[in-house]
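>>> here is the input, now give the coordinates:
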Amino acid sequence: MSSNHTKPSGSLFNDFVGAFKDADAVVLLDVYKVPGREKESRSMKHESSIANSKTLAEAIRKKYSDKPTIYLKNPKQLPSALQNLDSRFMLHDSVLVMMGAGDIVKYTDQLLGKR
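Predicted structure coming up:
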């Protein structure tokens, strides 16, 4: 997960957790922060400490305990994290969805061997 939008809070956060219901496995990266885009107010700082990728991963694990859910603070860990997933998730016809903002595309290219 990588996003430059306001993070979900409260019931929206719970709805967001449910959005991963049909995924076989979930790997979340830190939220992408655009430097200088938003000055954080005290309430935004509080919200970002509550609703972040790590908290989202924990909530997904709690709700879907049988779903492999990985939180990565460092996106450079992505290739090894994907290799370590159970082989049933990395079949020839598997689909890997990479969504987000910022430099997520460079990691997609890296995984595809383009760089």
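>>> name the helices or strands packed onto the lengthiest helix in the chain?
As assigned by DSSP state H, the longest helix anywhere in the chain is helix 53-63. Using 3 or more CB pairs under 8 Å, 6 or more residues apart in numbering; DSSP states H and E, the elements in contact with helix 53-63 are helix 10-18, strand 26-29, strand 69-72. Backbone N, C-alpha and C define where each C-beta goes, glycine included.
>>> how about the ones you listed, which one is nearest I104?
strand 26-29 (7.4 Å; CB to CB).
>>> contacts for the closest one?
1-2, 20, 53-54, 56-57, 60, 67-72, 75, 78, 81-82, 100, 104 (CB atoms under 8 Å, 6 or more residues apart in numbering).
>>> tell me if A23 really is in a helix.
No - going by DSSP: H, G, I helix; E, B strand; the rest coil, the assignment for A23 is coil, not a helix.
>>> contacting residues for it?
Taking CB under 8 Å, 6+ apart, one finds K67 in contact with A23.
>>> repeat that for L72.
27-30, 78, 81.
>>> in TSV, list the helices and strands packed on helix 53-63 along with distance to Q110 and mean pLDDT.
Output for the helices and strands packed on helix 53-63, formatted as TSV (distance: least, CB to CB, whole Å; pLDDT from 0 to 100):
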stretch	distance to Q110	mean pLDDT
helix 10-18	27	84
strand 26-29	13	91
strand 69-72	14	93
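>>> between the ones you listed, which gets nearest to P35?
With respect to P35, and counting by CB to CB, the nearest of these is strand 26-29 at 17.1 Å.
>>> the closest one pairs with which strands?
With DSSP bridges as the test, strand 26-29 is paired with strand 69-72 (parallel).
>>> same question for the very next helix or strand once past the partner strand, mean pLDDT?
Following strand 69-72 in sequence order, the next helix or strand is helix 78-84 (DSSP states H and E). The average pLDDT for helix 78-84 rounds to 85.
>>> ok, back up a step: what residues sit buried inside the longest helix of the chain?
Residues of helix 53-63 classed as buried by neighbour count (16 or more other CB atoms under 10 Å): 53, 55-57, 59-61.
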